[in-house]
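Asker: Sequence below, structure please.
(chains A and B)
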Amino acid sequence: MQEELMDILCCPVDKHELELEVDDREDDEILTGRLVCTECGEAYPIEDGIPNLLPPDMRDEAPA
Amino acid sequence: MGVLENKARARTFYKYLSKVYDRINPFIWDEEMRDEAIEMLDIQPSDHVLDVGCGTGFATEALLTKTDNVYGLDQSAHQLEKAYAKFGKRGPVRFHRGDAERLPFADDSFDVVWSSGSIEYWPNPVDALEELRRITKPGGQVLVVGPDYPNNTVFQKMADAIMLFYDEEEADRMFTQAGYQNFEHHIQQSRPGSPRAITTVAQVPE
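Answerer: Alright, predicted model coming up:
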């Protein structure tokens, strides 16, 4: 995902801002990392450049 | 109440449906109907457009002809795999996994929000319609395509068993309840006798 997406992304549950934690990046593209809610602390994984923003109760598949 | 009003079941259903999706999809929703629906919208080249429930990317592809700023969201990894195959994961479309009823976008993020062939799987369509309104800028447009309640008895039985179909009256109720004031419905049909799609274009209140 592009870092500029941070302008519009929010926590799907409480709509608060997210904080980006990067494990692996390629220029502006975040390949692996997490989006952590600044309010509830829920962490949403970024897997192969795709942010998985499914609420925790729907995140059934193991991160790959 | 359809069985697909259970989200876990909807995901399992999609997993298998995705294998044949683009093949069976044109039965009620073909390229002509899709392009006709896109022309109901006023999309400027600078607009940011989100496709909610983008699935395999059938509508996403057409939205890209109007603007370069296209975003896709779907709950199903299996459906998205097909979309990645078409556009790449880091191509022109910014893909996300997410739930239509709990969207991961801030208020007023998009100029246009599109959703086709997804509403019939939403357990609480009014909640999702409210979310679409919330993330769309005031004065922006929301377009939702769902299958109309069929006249044919066999289709009705199938509809009642697995999907939530709705007619114009039901669409009025849902959009009003979700806080929209200005909207119109268009009935679209591939050919006489085939199931119809109900396409609603709503303007987000200022």
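Asker: Just the element for the residue nearest the centre of chain A, please.
Answerer: For chain A, A:Leu35 is the residue whose C-alpha lies nearest the centre (CA atoms, centre = their mean; 3.2 Å). Assigned by DSSP states H and E, A:Leu35 belongs to strand A:29-37.
Asker: now do B:Val70
Answerer: strand B:69-74.
Asker: which residues make contact with that strand from outside it?
Answerer: B:46-55, B:57, B:60, B:63-64, B:80, B:83, B:92-98, B:100, B:103-104, B:110 (CB atoms under 8 Å, 6 or more residues apart in numbering or on different chains). In this view, the C-beta of every residue, glycine as well, is placed from N, C-alpha and C.
Asker: Just the buried subset of the residues you listed, please.
Answerer: Using 16 or more other CB atoms under 10 Å in any protein chain shown as the burial test, the contacts of strand B:69-74 include B:47-55, B:57, B:60, B:63-64, B:80, B:83, B:93-98, B:100, B:103-104, B:110 as buried.
Asker: Which of those residues fall in strands?
Answerer: Applying DSSP state E to the buried ones among the contacts of strand B:69-74, the entries found in strands are B:48-52, B:93-97, B:110.
Asker: my guess is B:Gly146 is in a strand, correct?
Answerer: Yes: B:Gly146 sits within a strand when classified using DSSP: H, G, I helix; E, B strand; the rest coil.
Asker: Look up how far chain A lies from B:Lys86.
Answerer: Going from B:Lys86 to chain A by CB to the nearest CB, to the nearest Å gives 15 Å.
Asker: Need the nearest residue in space to that residue, chain neighbours excluded.
Answerer: B:Gly57 (5.1 Å; CB to CB, 6 or more residues apart in numbering or on different chains).
Asker: Tell me who's in contact with the one you found.
Answerer: By CB under 8 Å, 6+ apart, the residues touching B:Gly57 are B:51, B:72, B:82-83, B:86-87, B:93.
Asker: Since that was my last question, I'll sign off now.
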